[in-house]
Every structure is written in structure tokens, then in C-alpha cells.
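Engineer: Based on what follows, work out the 3D shape:
(chains A and B)
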Amino acid sequence: MAVSSTEIRRRLRSGLLQAAGLLLVGSLLGGGINAIRPAGLPWSGSWNPEAVSARHLQGLPEISLEEAWRLYQEGRSLFLDARDRASFELGHLPGALNIVPEEAAEFAEEIRSLSESGLVPIAYCDGAACPLSSQLARKLQAMGLQSVRILVNGWGRWRQAGFPVEKGE
Amino acid sequence: MILALIFRLFLGGLFVYAGSIKVLDPGGFAQAVYNYRLLPGWAVNPVAIILPWVEIVTGTCLLLGIWIPGASLLASGLLSLFFLALTSSLARGLDIACGCFSTSRGSETVDIFYILRDLLLLGMAVWVFLFDRAWTVLRSGRMRAREITSSGSLGEK
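Structural biologist: Modelled structure (predicted):
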């Protein structure tokens, strides 16, 4: 069973060469097939936070920080925090419900009746490129809740503006 | 020896499977790569274009017994990189999908299980590199063939 060290060295030497060859073959195959397939990706995609955020938002109504703040002061904001539980408990927007995208269905009815009573549902998460609030809004939209709006990078911008936040449950 | 063979075929099938799934949804896989926030923006798409095919090529070689030292070495290298990516995402507390055997963002979130699974596969790949005999058998077979031909030509003289 034991493999001699010279044998291992020999395998390493030819293995490294072969691995380089396989990498090359894989790259050529990947590049070649990507070039001819209809669903091919561009080699330089735009992955800066703004572009990613715009992709997430596609077709969803955005809300500005000023308008969200105004709605909050009027007592008409219904913040939906799409982040995980631990982040939510560390701090969230005032009165926010913690709903990760997977839980959208459980809260749909509650959100519907609250928005019928005049509250404006505003989904947010942390970071401009964070996909969670858009995922949540899309799920709620599919359940007929068209009025959900997105506060892009809500947590970050709300805090930066020095607006009040809540902690715990 | 038989263990090395089993590991080799298992890993080969797994790599071909994992690569094929990513090839089917390049956009989804690019998103999964981006979510790790490890690569600069310009590198995300090239990795998403190339990595699935490197996996398929590696897996095919393992399955067919071609260039086993290279294929098992490359598999070990890839699994080591995946280990680093998974560990760092867990350490940074990222709530992201693995993107290992699926490109969609289901409920699967990277946790310790993914890291253990990766280490197990890495162990298998290293085992194949060290103990798979097909390559040695093939090579010594070729050497024996050469000996036979050379002795044959000697005999003719």
C-alpha cells in the first residue's frame, strides 16, 4: 500500500503538468462554448454594487430615504426587515417585522390587512447589493401585494442618517 | 487499491454532475460566485464561464482514468479553494447559498456541514492521487511493451 516518495514526486511532477493541461482544456471549452451558446455570459460583467442593486430592483418600486422617513413620521411606515434573525435582533428600523424571503407566505395576510389600513410596506436589507429585500418584495408581489416598495441599502442609510433604530425582538 | 478506484469514480461522477448543473445556468452561477464577495468584479464572469468546464473535464478524466495524477491533483486544488471560500464566508457570517450543486438560492445556506463535506471530498481526491494504481499500471504496461518490442528487435538482429 505504501507509495514510495520517489513515486509521489514523479506523480506530482507529471500531475502538475497534466493539471495545467486540464485547466487549459477546461478554459478553452468554457470560453468556446460560452461564445456560441445563446445564454452566454459577457466576459466582463458589471458586478459593482450599483449595477447589482439595479439588477435586483428591476421592475420593483423603489422608495427614497426621505419619503420613508416622512412616512415613518406620519406613522404610516410598515418596515419589513428581510435580513436574518440575528442581524435583526442587533438592530432594525422602528416597528419593523422580521421576514426573510422564505417566510413571505406566512406574513402575507398580516401585511395585506396592515396595508389596507393605510400603512405602506417598505422592504429593506443591508448593503446596496443585498438581494434579500428584492426577493421578499417579489414573493409578496406574486401573492398579490403590489404595494411593497424597496428602500435600497435601507439599514445602512437609515443608520447613517442618524434616524432612530430599535433593538431586540 | 479498490478504495482508490471507488473514490475516483465517485469523485469523477460528482464533478461532472456539479459542473453540468452550473453550465446549465451560467447567470445563476455567476451570482453565486459574486455572493461570496471574494473576487473582484471583473473576475466573476470569467470564473463562472470557465470553472464549470474545468470541473467537467476533471471529472471526465477521473471517470475514464485519463491523466489521473493531474485530474486528482486538480480536484484536490479545487476542493482546497472551495474550502477556503466556504470557511471565509462562514467566518464573515455571510448568509449565502453554497452554489456547489445548485445555482439557485434555495434555503441552503453555507454552514459547517458544507465545509465537512468539502473536506471529505478533498480527502478522497488526495487518496486517489496517492493510491490510484491505474496510472502506474498503464505506465509499467507501456514500459513492458517497449521492452518486448526492443527485445524483439534485438532478437531479429
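
Engineer: Now for A:F88: which residues touch it?
Structural biologist: A:F88 makes contact with A:D81, A:A96, A:N98, according to C-beta atoms under 8 Å, 6 or more residues apart in numbering or on different chains. C-beta: built from backbone N, CA, C; applies to glycine.

Engineer: which residues in chain A form helices?
Structural biologist: Ranges of helices in chain A, per DSSP state H, are A:5-36, A:49-57, A:65-73, A:85-90, A:104-116, A:132-142, A:154-160.

Engineer: Just the CA coordinates for the third one, please, in PDB.
Structural biologist: As requested, the backbone C-alpha atoms of helix A:65-73 are provided in PDB (Å, rounded to 0.1, in the frame of the first residue of the first chain):
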ATOM      1  CA  LEU A  65     -34.900  57.600   2.200                       C
ATOM      2  CA  GLU A  66     -36.700  61.000   2.500                       C
ATOM      3  CA  GLU A  67     -40.100  59.500   1.700                       C
ATOM      4  CA  ALA A  68     -39.600  56.600   4.000                       C
ATOM      5  CA  TRP A  69     -38.600  59.000   6.800                       C
ATOM      6  CA  ARG A  70     -41.700  61.100   6.100                       C
ATOM      7  CA  LEU A  71     -44.000  58.100   6.200                       C
ATOM      8  CA  TYR A  72     -42.400  56.900   9.400                       C
ATOM      9  CA  GLN A  73     -43.000  60.400  11.000                       C
END
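
Engineer: tell me which strands and helices it is in contact with?
Structural biologist: strand A:77-81, strand A:120-124, helix A:154-160 (3 or more C-beta pairs under 8 Å, 6 or more residues apart in numbering or on different chains; DSSP states H and E).

Engineer: Can you tell me what sits against stretch A:39-47?
Structural biologist: Contacts of stretch A:39-47 with the rest of the structure, by C-beta under 8 Å, 6+ apart, involve A:33-34, A:52, B:26-27, B:30, B:34, B:41-42, B:44-46, B:48-49.

Engineer: In chain A, what helix or strand scores lowest on average pLDDT?
Structural biologist: helix A:49-57 (a mean of 79; mean pLDDT, DSSP states H and E).
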